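Enquirer: Would you be able to build a 3D model of this:
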Amino acid sequence: MYNAQLKTLVCVADCGSFTSAAERLFISPNAVMKQLNALEAHLGLTLLTRTKRGVRLTEAGRSIYEDAQRLFAFSQEAIARARQFEAAVKTTFRVGTSLLNPCKAFMDLWHKAREAFPQYALRIVPFEDSRSGILSEIGSLGEKFDFLMAACDSNAWLSRCNFFQIGEYRLCCAVSRGHRLAGKKRLKIEELYGECVMMGKRGDSVCVDRVRSALEAHPRIAIENTSYFYDIDVFNACEEEKKVLLTLECWKEVHPSLVTLFVDWEFTAPYGILYPLHPDKNIVHFLEVVKQYAG
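Expert: Modelled structure (predicted):
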């Protein structure tokens, strides 16, 4: 916050000698003299007079000394104010939102729990769903945002965040509006015979892997691997290629040209609040309060 050489000048003036000042500053007397010589050269002033009894301030040195004391006090006040602002920022919860991971369910919980947090504000932070970038977004919990609301049983996600489950979403199938199955109210697995079902690759999601195993028991159903994580391009591919997409009931409004259909199975995926691996006390407190409203 200020020139460290000023601290050395004040210490020398208070101690009356380079040696005593060096002991107090835990540096060598030679280092003390070098700092003061550099300060005098920088200012173009003579600040100290060397005598046999030690050193004393010149008139210019006395003026700098007194102003330095005021500067030190001002610096401490500035730091204290900055810490107050930082504390105020920490009482603002940041919740991420995107097309596939909207924050509405979180907002519903927030409005129920906010009476317990009268000093807290909520800021919505948008981000983009991207197959290549989503892990970076999850990893920024605690920096970019404090919470995300999402369906999650992804091993890759859960290695980067904590997860507080709120409920479950049903796993469904989506087809284009012109698809032969689009008019169905509910699908039987046998009605997928002859179709190609797009879904995430095996290995990251237990829920998706269970659906895959069930479909693999029906050889007349083809399976096409997509990436582990969806973005809008996956939904576009489903519509353009007239294939079937494994999806979630909460994504029925993601693509206006797709119809989401329930299937005669009991497969679900957990959804809830994603929060940092190392949450601060404000986040922990919020989750403790939210527990009574969850579900």
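Enquirer: Please identify which helix or strand holds the nearest residue to Trp110 once chain neighbours are set aside.
Expert: Nearest residue to Trp110 in three dimensions, chain neighbours excluded: Leu122, at 5.8 Å (Cβ to Cβ, 6 or more residues apart in numbering). All C-beta atoms are positioned from the backbone trio N, CA, C, and that covers glycine. According to DSSP states H and E, Leu122 maps onto strand 121-126.
Enquirer: in that strand, what counts as buried?
Expert: Leu122, Val125 (16 or more other Cβ atoms under 10 Å).
Enquirer: so what does it touch, helix or strand wise?
Expert: strand 92-97 (3 or more Cβ pairs under 8 Å, 6 or more residues apart in numbering; DSSP states H and E).
Enquirer: Quick one: mean pLDDT for the very next helix or strand once past the strand it packs on?
Expert: Once the chain leaves strand 92-97, the next helix or strand it forms, by DSSP H and E, is helix 104-113. What helix 104-113 shows for mean pLDDT is 92.
Enquirer: and helix 104-113, what other elements does it pack with?
Expert: Using 3+ Cβ pairs under 8 Å, 6+ apart: helix 104-113 touches strand 92-97, strand 148-151, strand 268-275, helix 281-290.
Enquirer: what's the helix or strand for the residue nearest to Cys250 when sequence neighbours are not counted?
Expert: Spatially, and ignoring its direct neighbours in sequence, Cys250 is nearest to Tyr169 (5.0 Å; Cβ to Cβ, 6+ apart). Assessed by DSSP H and E, Tyr169 sits inside strand 162-176.
Enquirer: Report the strands that pair with the helix or strand encompassing Thr49, each with its relative direction.
Expert: For Thr49, the host element (DSSP H and E) is strand 48-51. In the sheet, strand 48-51 lines up against strand 54-57 (antiparallel) (DSSP bridges).
Enquirer: buried sites along the partner strand?
Expert: Those would be Gly54, Val55, Leu57, for strand 54-57 by 16+ other Cβ under 10 Å.
Enquirer: is it true that the second one touches Leu47?
Expert: No. Look at Val55 against Leu47 with Cβ atoms under 8 Å: they stay out of range, at 9.4 Å.
Enquirer: for the residue nearest the centre of the chain, what are its contacts?
Expert: Geometric centre of the chain, nearest residue: Leu141, 2.2 Å, by Cα atoms, centre = their mean. Neighbouring residues of Leu141 by Cβ atoms under 8 Å, 6 or more residues apart in numbering: Phe147, Leu148, Arg160, Cys161, Leu274, Tyr275, Pro276, Leu277.
Enquirer: filter the residues you listed to the buried ones?
Expert: Among the contacts of Leu141, the ones that count as buried by 16+ other Cβ under 10 Å are Phe147, Leu148, Arg160, Cys161, Leu274, Tyr275, Pro276.
Enquirer: Please list all residues in contact with the fifth one.
Expert: If a contact means Cβ under 8 Å, 6+ apart, then Leu274 has Ile138, Leu141, Phe147, Leu148, Met149, Ala150, Cys152, Trp157, Cys161, Asn162, Phe163 as its contacts.
Enquirer: how about the first one, secondary structure?
Expert: Here Ile138 takes the helix state, with states given by DSSP: H, G, I helix; E, B strand; the rest coil.
Enquirer: For Phe229, see how far away it is.
Expert: Distance, Ile138 to Phe229, by Cβ to Cβ, to the nearest Å: 10 Å.
Enquirer: tell me how far the one helix or strand Ser213 maps to is from the chain's mean position?
Expert: If you go by DSSP H and E, Ser213 is part of helix 206-216. Distance of helix 206-216 from its chain centroid, counting by Cα atoms, centre = their mean, to the nearest Å, is 31 Å.
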